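Trainee: I would like to see how this sequence folds:
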Amino acid sequence: MKRTKDWVHTLLSISPNGIKDLSGKFDVFLIFIIVLNVVAIILESVNSIYLAYKPWFVSFELFSVMLFSLEYLARLWSVTSDPEYKHPLFGRFKFVFTPMAIVDLLAILPFYVGMMGLDLRFIRALRMFRLLRLFKIVRYVSALRIITNVFRQKREELVTSLVFILFILLIVSCLMFYVEKDVEGTQFTSIPATMWWGVATLTTVGYGDIYPVTSMGRFLGGIIAILGIGLFALPAGILAAGCSDEISQRRAEEANKLEEREGICSHCGRPFEEHQAESG
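Mentor: The predicted structure is shown next:
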């Protein structure tokens, strides 16, 4: 039984060898099914297509739910092969609340909720969770895993920049409201209404549905628009620096693995024996 559990855990784990082994081929198969699910969700929104191929959509949804349900149960059963989740009860409980396990559960939950006879409006709202199947790809695509790691490592800096942006948004909205509120026919009727203008201006979108008419308001709007260019560059800079660091770290780890496996220096590409002979 333990050997079978270890084999299932290896099969469901990300293959380090790409598609060269069975685990890698299974990863590609799951990615293919996930992509087809997203395409099906998009096409279902077109009534003419959905009505013409409804039996196909229903059958494919049933197949996908069964497949993803078996995958979820298999992961839950075999996860104790991982030393981090080795306890048969608490290990599985810990695994259930990991981000990817939650995504796996939410990807199949709408189907089973619909079978319980609950309020149809609630079911329709819950169906949007089917789109979370797209996030299952994060488990297999290294580029997406890099981005996930960056968000995890830079979360404090990102939260700080977000708080700063919200603080600036509140200040500029209050200023613009008090500058424009007494103008006849003003659209800056309240601070919340002005905050919509602040978001559009700080992000340099500028829809034009709300705009200042006084000289002071236009002057303030110009300053805020210029401020927004640099303000929203903060999170982008943090993410760019984090991606660069993560990629550099992965390249260094791969180089070290290559050195250990093949005995070749990652800097010059020469065998270590040559270095030892020269130093000797």
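
Trainee: Let me see the domain layout of the protein.
Mentor: Domain segmentation of the chain under automatic domain parsing yields 2-140, 142-280.

Trainee: If you rank every helix and strand of the chain by mean pLDDT, what lands last?
Mentor: Lowest on mean pLDDT, DSSP states H and E among the helices and strands of the chain sits helix 120-126, with a mean of 48.

Trainee: right, and the helix or strand after that one?
Mentor: Sequence-wise, the next helix or strand downstream of helix 120-126 (DSSP states H and E) is helix 142-153.

Trainee: which of the residues in that next one are buried?
Mentor: Neighbour-count burial for helix 142-153, with 16 or more other C-beta atoms under 10 Å as criterion, is recorded at 146, 148-150. For every residue, glycine as well, the C-beta is placed using N, CA and C.

Trainee: Of the residues you listed, which is the nearest to Lys54?
Mentor: Nearest to Lys54 among those: Thr148, at 35.9 Å, using C-beta to C-beta.

Trainee: All the helices of the stretch 151-280 of the chain, residue numbers only.
Mentor: According to DSSP state H, counting those that start in this stretch, the stretch 151-280 of the chain carries its helices in the segments 155-180, 191-202, 215-231, 233-262, 272-279.

Trainee: Ile14 is nearest to which of those?
Mentor: Across these, closest to Ile14 is helix 233-262 (C-beta to C-beta), at 14.1 Å.

Trainee: which parts of that closest one are buried?
Mentor: Buried positions in helix 233-262, judged by neighbour count with 16+ other C-beta under 10 Å: 234-235, 238-239, 242-243, 246.

Trainee: Format the helices of the stretch 151-280 of the chain as JSON lines; extra columns: distance to Ser78 and mean pLDDT.
Mentor: Converted to JSON lines, those look like this (distance: least, C-beta to C-beta, whole Å; pLDDT from 0 to 100):
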{"stretch": "helix 155-180", "distance to Ser78": "30", "mean pLDDT": "87"}
{"stretch": "helix 191-202", "distance to Ser78": "46", "mean pLDDT": "85"}
{"stretch": "helix 215-231", "distance to Ser78": "47", "mean pLDDT": "84"}
{"stretch": "helix 233-262", "distance to Ser78": "26", "mean pLDDT": "77"}
{"stretch": "helix 272-279", "distance to Ser78": "39", "mean pLDDT": "54"}
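
Trainee: Let's have the ones you listed in CSV, adding distance to Asp21.
Mentor: Formatted as CSV, the helices of the stretch 151-280 of the chain follow (distance: least, C-beta to C-beta, whole Å):
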stretch, distance to Asp21
helix 155-180, 34
helix 191-202, 49
helix 215-231, 48
helix 233-262, 17
helix 272-279, 29
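
Trainee: nearest to Phe26, of the buried residues of helix 142-153?
Mentor: Checking the buried residues of helix 142-153 against Phe26 with C-beta to C-beta, the nearest one is Thr148 at 21.1 Å.

Trainee: That closest one and Arg155, how far apart?
Mentor: From Thr148 over to Arg155 the distance is 11 Å, taken as C-beta to C-beta, to the nearest Å.

Trainee: Distance of Lys154 relative to Ala193?
Mentor: Distance of Lys154 to Ala193, given as C-beta to C-beta: 33 Å.

Trainee: residue ranges with poor pLDDT in the stretch 51-200 of the chain?
Mentor: For the stretch 51-200 of the chain, residues meeting the criterion pLDDT under 70 lie at 114-135, 138-143.

Trainee: try it again with 80
Mentor: Scanning the stretch 51-200 of the chain for pLDDT under 80 picks out the ranges 110-145, 148.

Trainee: quick one: Val79 and Phe90 touch, right?
Mentor: No - the criterion here is C-beta atoms under 8 Å, and Val79 misses it with Phe90 at 11.5 Å.
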